[in-house]
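Asker: 3D, please:
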Amino acid sequence: MSKFIKNHIIAELESELEGCSELLVVDMSKMSGTDANEFRVQLGQKDIRLLTVKNSLARRACESLGIQGLTSSLTGPSTLIWGGEDIVALSREITKWAKDVSTLEIKGGAVEGQSLDADGVDRLSKSPGRPELLSQIAGLILSPGGNLVGALLGPGGLVAGAIKSKADGEGE
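Answerer: So this is what the prediction gives:
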């Protein structure tokens, strides 16, 4: 492959991966054509992108974009996977597929510059995602107000109301 073509491929990879800091790497080479096609279609419907790459060109593109942590995963046949709702949802989807299709091998990934191996991707898939974390934060923020409202509307609120009305009546 000529240097011109390599540089063109690297530029295309850079444009595809622009703004992406979280990637997973899998080996799809042993999957049957039917499984691979179904895999691509299902991921595409969830706005998840995948691209089979030449490792040396992917390394150069990732280096120029500042994506770190993929070097150890880019060995042998490699397919880069990115996109979706967030990295946790992406890892859940890929681990689900790896369990359903035994020929799909998770090689690792990179999350915010940190390298992940296959076990790390599996652990990441079991952690709470962005929607779950946002709902937990909202619950923590709203709980003190809920406790206050509960106290005011409960039996303590009735006692406070009776004391206030008694105090108002005595002041006249």
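Asker: which stretches of this protein have low pLDDT?
Answerer: 148, 151-152, 154, 156-158, 160, 170-172 (pLDDT under 70).
Asker: Show me how it divides into domains.
Answerer: Using automatic domain parsing, the domain parsing of the chain gives 3-127, 131-170.
Asker: Remind me which helix or strand residue 93 belongs to.
Answerer: Assessed by DSSP states H and E, residue 93 sits inside helix 87-100.
Asker: what's near enough to touch residue 94?
Answerer: 24, 26, 81, 106, 121, 125 (CB atoms under 8 Å, 6 or more residues apart in numbering). The way it works is simple: take the backbone N, C-alpha and C, and place the C-beta from them, glycine included.
Asker: Mind checking which of the residues you listed are in strands?
Answerer: The strands, defined by DSSP state E, take in 24, 26, 81, 106 from these.
Asker: just the domains of the chain: most buried one?
Answerer: Greatest average neighbour count among the domains of the chain goes to domain 3-127 (a mean of 17), per mean count of other CB atoms under 10 Å.
Asker: Can you give me the end-to-end span of that domain?
Answerer: 43 Å (CA to CA, to the nearest Å).
Asker: ok, residue 60 touching residue 10?
Answerer: Yes - the criterion here is CB atoms under 8 Å, and residue 60 meets it with residue 10 at 5.3 Å.
Asker: Quick one: end-to-end length of stretch 108-119, please.
Answerer: Using CA to CA, first and last residues of stretch 108-119 are 8 Å apart.
Asker: Other residues contacting it?
Answerer: By CB under 8 Å, 6+ apart, stretch 108-119 touches 21-25, 67-73, 87, 91, 105-107, 120-121, 124.
Asker: mind running it again at 6 Å?
Answerer: 21-25, 68-70, 72-73, 87, 106, 121 (CB atoms under 6 Å, 6 or more residues apart in numbering).
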